[in-house]
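Asker: Could you look at this predicted model? Sequence included:
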Amino acid sequence: MGNLDLVPNGVSVGAGIGSSGAMFWNLTSLENCSASGTVLSQGSISAKEGTIEAVVTPDGKYAFVVNEAGLASGATFVGNVGVVQLQTDTNGNVTGGTLLGQIPTNGAAVNGIAMSPDGTRVYVTTGVAGLGSGASGSSNPVLAETNCFNATGGPNRNGLLTVINVAAAETNPGTGAILAKIDAGCTPTGVVESSNADVLWVAARGDNRVLAFSPSTLESNPNNALLGYADTGGAEPHGLVLFDNDQLLAVANSNLFSTGQANATILYVANPASASVVQTVSTGSVPYEIRVGADDATLYLTNADSDTLQVITTKVN
């Protein structure tokens, strides 16, 4: 199962569950361990999709579903984003959905997805860019690479960051909803945008880095959208979360393929061009997803192979 996403009304929570698609549960029932859940089927293609994650629009009407292994109509590479119109009951529980279409990602292995705070954009990371993807950033050696580590033995090309117009995707889900595609280093995974939409952070897992992009420049002049980058202080970063009024970035360094050190690190990112690690926290095995509590200071980290939830208390000035 992939990362959980809370429906804005606070009644339901959803996630990707693999071949069956995405599933939504009533939050109260889930907390009481009595939830049965509702599967959002994508029709006859569901068993081939490999759904890993879902995010929901702020109005609670649509879900954008990451299908890691799905082949969109007319696409060359597996990996797409399904756009599903949600159905809810009078209490706001998700009761089903209708697949409106799928947006191909022009590469293999979709790794991450995030909704912008204002709900107008969806950001998607793809592990390996397809040849002829038409992505920007090809002249920047930080973004466009040919020596990326690939544990499956596949192409060693860099991955992609794709920007999707939410309103356009709801009306006509397809390549026409894509606003920008840019090379994004080796195996980009986690992605998070600042609350003021000034900075978009991407975890370049194969580079042990985080990349900082200007969201507005991604759409207007993508070749100049990179604001900076920084080493994460650990191996194979995945989960990201901003906190302390977006001045700090917490990173879950998964060490998924045992190439280095698993840990959680905190970077000071007030200036994206000079971001740096200010604290390192020991973790369990394969720290993967990380979130911040309502106090904008307490961090919650899942250690995937240790089957533990780790609570990290930080002091925010």
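Answerer: That came in fine, so what should we check first? Residues are numbered from 1 along each chain as shown.

Asker: Need the residue in the protein that's farthest from the chain's center.
Answerer: T90 (30.3 Å; C-alpha atoms, centre = their mean).

Asker: show me where the stretch 51-200 of the chain has strands.
Answerer: Secondary structure of the stretch 51-200 of the chain, counting by DSSP state E, counting those that start in this stretch: strands at 51-56, 62-67, 80-88, 94-104, 107-115, 121-129, 160-165, 178-183, 188-193, 200-204.

Asker: what's the answer for the stretch 201-317 of the chain, then?
Answerer: Taking DSSP E, counting those that start in this stretch, the strands of the stretch 201-317 of the chain run over residues 209-213, 226-231, 237-243, 248-253, 263-268, 276-281, 287-292, 299-303, 308-312.

Asker: Any chance of JSON lines for those strands, columns mean pLDDT, distance to N106 and mean neighbour count?
Answerer: All C-beta atoms are positioned from the backbone trio N, CA, C, and that covers glycine. Putting these into JSON lines (pLDDT from 0 to 100; distance: least, C-beta to C-beta, whole Å; neighbours: other C-beta atoms under 10 Å) gives the following:
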{"stretch": "strand 209-213", "mean pLDDT": "98", "distance to N106": "18", "mean neighbour count": "25"}
{"stretch": "strand 226-231", "mean pLDDT": "98", "distance to N106": "19", "mean neighbour count": "19"}
{"stretch": "strand 237-243", "mean pLDDT": "97", "distance to N106": "22", "mean neighbour count": "23"}
{"stretch": "strand 248-253", "mean pLDDT": "98", "distance to N106": "27", "mean neighbour count": "28"}
{"stretch": "strand 263-268", "mean pLDDT": "98", "distance to N106": "30", "mean neighbour count": "21"}
{"stretch": "strand 276-281", "mean pLDDT": "96", "distance to N106": "33", "mean neighbour count": "15"}
{"stretch": "strand 287-292", "mean pLDDT": "94", "distance to N106": "26", "mean neighbour count": "22"}
{"stretch": "strand 299-303", "mean pLDDT": "94", "distance to N106": "30", "mean neighbour count": "20"}
{"stretch": "strand 308-312", "mean pLDDT": "94", "distance to N106": "35", "mean neighbour count": "14"}
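
Asker: which one of the ones you listed lies closest to D59?
Answerer: D59 lies closest to strand 287-292 among those, at 22.3 Å (C-beta to C-beta).

Asker: Out of the strands of the stretch 51-200 of the chain, the one nearest V292 is which?
Answerer: Between V292 and the strands of the stretch 51-200 of the chain, the tightest spacing by C-beta to C-beta is seen for strand 188-193, at 10.4 Å.

Asker: Can I get that closest one in CSV, CA atoms only?
Answerer: The C-alpha coordinates for strand 188-193 follow below in CSV (Å, rounded to 0.1, in the frame of the first residue of the first chain):
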residue,chain,number,x,y,z
PRO,A,188,13.1,11.3,-8.5
THR,A,189,10.6,10.2,-5.9
GLY,A,190,9.1,12.4,-3.2
VAL,A,191,7.8,15.9,-4.0
VAL,A,192,6.4,18.7,-1.9
GLU,A,193,5.5,22.4,-2.6
